[in-house]
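Peer 1: what's the 3D shape of this:
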Amino acid sequence: MNDSAASSLLRFIRDEIPLARAMDLELLAHDDDRLVLRAPLAPNVNDKGCAFGGSLVSLMTLAGWGLVELALRRHDQDCDVFVGESTVRYLQPVWADFFAEARLAPDADWTVFFDTLQARGKARIEVACQVPGTDGRPAATLAARFVAKRRD
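Peer 2: The predicted structure follows:
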């Protein structure tokens, strides 16, 4: 995936989703298999001084959604993408700027996803996201199923 596609997606997210703009999201890293978004602590802080849980889950959800959206754009597929189901776990507080990394879940496969999309006009794929803690263990995780539905 090229930098312009990922940068364009981030601009779209910031322009079209007011929450993402308020969170002050940044693109940290990307390739065909992962997307990493970063958020500063200051606009995402809670009353205890650590990252707000809603910001953690929002960042992970946006990273997962963005991973799927970029794959669709690479394959010239015009689809609406939404999260169909997700489970979040909060494992430890986050006291500094943070990032969320999204990857396909271990059993997920882009080929199956795109074959299904081609045959049915919609498909779903499992994505695993995490916000790493300062000790290397996850601070939060999100297991999500994203659904893509062709717009035509």
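
Peer 1: residues of the lengthiest helix in the chain that come out buried?
Peer 2: Longest helix in the chain, counting residues (DSSP state H): helix 53-74. Judged by neighbour count using 16 or more other C-beta atoms under 10 Å, the buried positions of helix 53-74 are 55-73. C-beta: built from backbone N, CA, C; applies to glycine.

Peer 1: so where does the closest residue to Y90 other than its chain neighbours fall, helix or strand?
Peer 2: Using C-beta to C-beta, 6 or more residues apart in numbering and skipping residues adjacent in sequence, the residue nearest Y90 is A140, 5.2 Å away. Per DSSP states H and E: A140 is located in strand 138-150.

Peer 1: Could you list the paired strands of that strand along with their orientation?
Peer 2: The strands beside strand 138-150 in its sheet (DSSP bridges) come out as strand 79-90 (antiparallel), strand 122-132 (antiparallel).

Peer 1: Do you know the pLDDT at L56?
Peer 2: In this model, L56 is scored at 98, pLDDT.

Peer 1: got any ranges where this structure has weak pLDDT?
Peer 2: 1-3 (pLDDT under 70).

Peer 1: Give me the most central residue, it.
Peer 2: A63 (1.5 Å; C-alpha atoms, centre = their mean).
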